[in-house]
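> What would the 3D arrangement of this be:
(one chain, ligands or ions: 1)
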Amino acid sequence: MNCPFCKEVLEDSRCQNCGYDLNKCRWISIKKVYPPDDIIIESLLKASGIPVKLHRREVSQIPVGIGPMAETDIYVPEIIVTEAKSLIDSNYNEPEPN
Ligand SMILES: [Zn+2]
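Residues are numbered from 1 along each chain as shown. Down below sits the predicted model:
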């Protein structure tokens, strides 16, 4: 992945080039999706070098990680939110609501 600030290749959570630290920056939830779209979006962002975190939130009554009810929040560093959103918008189509 790449540093969201200076775009240098990141080998650690802290950028060797500009000092940007993924552990200290703010992470913003940019989208809420359901499996398997979480994996699709994760790989989409990773393929572009954007750091991404997934937060799965199980809906009560449903076993962990099973079924379409496990909501996933997609988090990216605050500094790269706009870029990540436009990447998703141009590469991923929202499923039609039932
Ligand atoms: Zn950097």
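> Check which helices and strands the lowest-mean-pLDDT helix or strand in the chain sits against.
Ranked by mean pLDDT, DSSP states H and E, the helix or strand of the chain with the weakest confidence is strand 53-57, at a mean of 89. Counting contacts by 3 or more Cβ pairs under 8 Å, 6 or more residues apart in numbering; DSSP states H and E, the secondary-structure elements packed against strand 53-57 are helix 37-47, strand 71-77. (Glycine included, C-beta is placed from N, CA and C.)
> which of the ones you listed is buried the deepest?
Most buried of these, by mean neighbour count (mean count of other Cβ atoms under 10 Å): strand 71-77, with a mean of 20.
> ok, it: who's next to it in the sheet?
For strand 71-77, the paired strands and their directions (DSSP bridges) are strand 27-33 (antiparallel), strand 53-57 (antiparallel).
> Report the separation between Ser86 and Gly19.
Remark: distance between Ser86 and Gly19 (Cβ to Cβ, to the nearest Å) = 26 Å.
> Since that was my last question, I'll sign off now.
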